[in-house]
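1. Structural data only, the sequence is not supplied:
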């Protein structure tokens, strides 16, 4: 075959190979648009040389990037160390940030704002004005709208409005024009302090500078009115902003819902909520919680349940105070199974806390289910959750209500082995049980031997337990006796369990082996 074929020539190649099958011939036609030269295979082709050059370039680039990255890491390390040292100086007792700046000579922008944040978090923002005055004069380019706006916002957030006014005045002296953000901070700061006349001074000044108030501007005023329960002014502010062409947004309606809810104004709250939904705006979790809480406080059960289901769907966390309020509503309505569900809902968010076990045990204790209480305590054992006095008293009160004095006696002995210290509720269960025939010598002797009766009276049981079971005769007698002594006697005296029991039994004329044992 020739070393090359001419252009536009069809070339045939007979490729033959030996196999077990008969001899085969494969004919391949190549359409050649240009000459093809068949070269011998050299030890180093051109493509391999190019690859080698490219690899060397990539290696040098990687080395450069690695060096650059290392340099940045070193610089960042030293920067963080310097900032850590600076904040360490500020953390010292009676430190003076102005003196520290003078000693250091200067701070970078990042370090300056880190110091401002530190002063805010440590309630020392009053020092910010003098520090800023020195820092900006070190380099005149720092006298700009951005720095003034950030610092005025910081001062307004912590209520230092005199300092904010002074800073705004200084800004104007330096020939800088205040921004909408600055006026928002001034108006919101005065509104949060209840100084609405001053807020409107800057509202008017804002317009004189031909700056149009934003929806955000009005939202700050509305929130301020809500904080001071000025609900009519809230509505007037909404009407005014609409007349001025500011359309209320989702923040506006969430503020209205939250503030009306806190004021117990359900109709206004629900009207704002319906408007929010009609405009297809989102309900914030804080507003939803406020709605739930007002329904709980007023005992509006059906709406409370709907709001609670919405909270569960949004995974919004509930604080323990609100959970206890919900539990009281369920107890009042004798919906004890809902205590179990509430406990499980809480466990899915916070884990198995003491409040979770309390709710679940109450659900079983209130229906006097021995099997249910045993199941819960078994779960506690598997989960390695220790007993506390709330757990012990729920079970003790349930046994007392069932008149199962044998199990009550066993329980009072058992809590000693579980290292649970009895409180006044336990003492109350004991004496109420004595009134119905309980022989509690074993328990009272154990309390004497451990010195419990000489300790100050304590109430360590979760209040939900007394909400569910009531106070009982002994605890009611304690309250009556305590109140009859007058404030002077009760405030000066430290009451031990022994003193309290003795006074209650004498006052009620009850003869008890407790007093007899003391006489012996």
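-> Alright, I've got the coordinates. Quick caveat: nothing in here was measured; it's all calculated off a predicted structure.

2. What are the boundaries of the strands in this protein?
-> 10-17, 24-31 (DSSP state E).

3. How about the contacts made by residue 360?
-> 339, 340, 343, 344, 376 (C-beta atoms under 8 Å, 6 or more residues apart in numbering). Bear in mind the C-beta positions are built from the backbone N, C-alpha and C, glycine included.

4. Excluding residues flanking it in the chain, which one is nearest it?
-> residue 343 (4.1 Å; C-beta to C-beta, 6 or more residues apart in numbering).

5. so how far is residue 377 from that neighbour?
-> For residue 343, the distance to residue 377 equals 14 Å [C-beta to C-beta, to the nearest Å].

6. In terms of neighbours, single out the busier of those two.
-> Per other C-beta atoms under 10 Å, whichever of residue 343 and residue 377 has more neighbours is residue 343, with 24 against 16.

7. isn't the more buried one right up against residue 356?
-> Yes. At 4.8 Å, residue 343 counts as touching residue 356 under the criterion of C-beta atoms under 8 Å.

8. from what I can see residue 446 touches residue 414, true?
-> No. If you go by C-beta under 8 Å, residue 446 and residue 414 don't touch, sitting 11.3 Å apart.

9. Of the contacts of residue 360, which belong to helices?
-> Using DSSP state H, the subset of these located in helices is 339, 340, 343, 344, 376.

10. out of these, which are buried?
-> Buried members of the ones in helices among the contacts of residue 360, scored by 16 or more other C-beta atoms under 10 Å, are 339, 340, 343, 376.

11. Dump these to JSON lines, plus distance to residue 430 and pLDDT.
-> Shown next, in JSON lines, are these (distance: C-beta to C-beta, whole Å; pLDDT from 0 to 100):
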{"residue": "339", "distance to residue 430": "26", "pLDDT": "97"}
{"residue": "340", "distance to residue 430": "28", "pLDDT": "96"}
{"residue": "343", "distance to residue 430": "28", "pLDDT": "96"}
{"residue": "376", "distance to residue 430": "23", "pLDDT": "96"}
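
12. for those, which one is nearest residue 366?
-> Nearest to residue 366 among these is residue 339, at 7.5 Å by C-beta to C-beta.

13. How much space separates residue 501 from residue 470?
-> 20 Å.

14. Kindly report the same for residue 199.
-> With C-beta to C-beta as the criterion, residue 199 and residue 470 are 51 Å apart.

15. per-residue confidence at residue 22?
-> Note for residue 22: predicted pLDDT of 41.

16. do residue 91 as well
-> 88.

17. Next, count neighbours for it.
-> There are 10 residues near residue 91, going by other C-beta under 10 Å.

18. Distance check, it against residue 168.
-> From residue 91 over to residue 168 (counting by C-beta to C-beta), the distance is 30 Å.

19. before we move on, the earlier item: and the contacts of residue 360 as TSV, adding distance to residue 482?
-> Converted to TSV, these look like this (distance: C-beta to C-beta, whole Å):
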residue	distance to residue 482
339	30
340	35
343	33
344	38
376	34
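
20. distance of residue 149 from residue 217?
-> 14 Å.

21. With residue 285 instead?
-> Distance from residue 285 to residue 217, by C-beta to C-beta: 24 Å.

22. rewinding a little: please identify which of residue 199 and residue 470 sits among more neighbours.
-> Shown here are residue 199 and residue 470; by other C-beta under 10 Å, residue 199 has more neighbours (23 against 12).

23. tell me the contacts of the more buried one?
-> If you count contacts by C-beta under 8 Å, 6+ apart, then residue 199 has 186, 187, 188, 190, 191, 221, 224 around it.

24. Spatially nearest residue to the first one (excluding sequence neighbours)?
-> Closest residue to residue 186 apart from its sequence neighbours, by C-beta to C-beta, 6+ apart: residue 202 at 4.3 Å.

25. repeat for the second one
-> Leaving aside its sequence neighbours, residue 187 sits nearest to residue 199 (C-beta to C-beta, 6+ apart; 4.8 Å).

26. Give me the pLDDT value at the one you found.
-> Residue 199 is given a pLDDT of 96.

27. do you know how far residue 440 is from residue 147?
-> Residue 440 sits 74 Å away from residue 147, going by C-beta to C-beta.

28. sorry, that was for residue 320
-> 43 Å.

29. which of these two has more neighbours?
-> Just comparing residue 320 and residue 147: by other C-beta under 10 Å the higher neighbour count belongs to residue 147, 19 against 13.

30. so the more buried one makes contact with residue 136?
-> Yes. With contact defined as C-beta under 8 Å, residue 147 reaches residue 136; the gap is 6.8 Å.

31. Is it possible to get JSON lines of the contacts of residue 199 that adds pLDDT, neighbour count and distance to residue 309?
-> JSON lines is the format used below for the contacts of residue 199 (pLDDT from 0 to 100; neighbours: other C-beta atoms under 10 Å; distance: C-beta to C-beta, whole Å):
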{"residue": "186", "pLDDT": "97", "neighbour count": "28", "distance to residue 309": "42"}
{"residue": "187", "pLDDT": "97", "neighbour count": "27", "distance to residue 309": "38"}
{"residue": "188", "pLDDT": "97", "neighbour count": "22", "distance to residue 309": "35"}
{"residue": "190", "pLDDT": "97", "neighbour count": "26", "distance to residue 309": "40"}
{"residue": "191", "pLDDT": "96", "neighbour count": "25", "distance to residue 309": "35"}
{"residue": "221", "pLDDT": "95", "neighbour count": "25", "distance to residue 309": "34"}
{"residue": "224", "pLDDT": "96", "neighbour count": "25", "distance to residue 309": "33"}
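
32. Name the nearest of the residues you listed relative to residue 334.
-> residue 224 (43.0 Å).

33. Quick check: the gap between that closest one and residue 158.
-> 15 Å.

34. Report the central residue of the protein.
-> residue 317 (7.7 Å; C-alpha atoms, centre = their mean).

35. What separation do you get for residue 417 and residue 461?
-> 20 Å.

36. Could you check which of residue 285 and residue 217 has the larger neighbour count?
-> Taking other C-beta under 10 Å, residue 285 and residue 217 do not tie; residue 217 has more neighbours (23 against 15).
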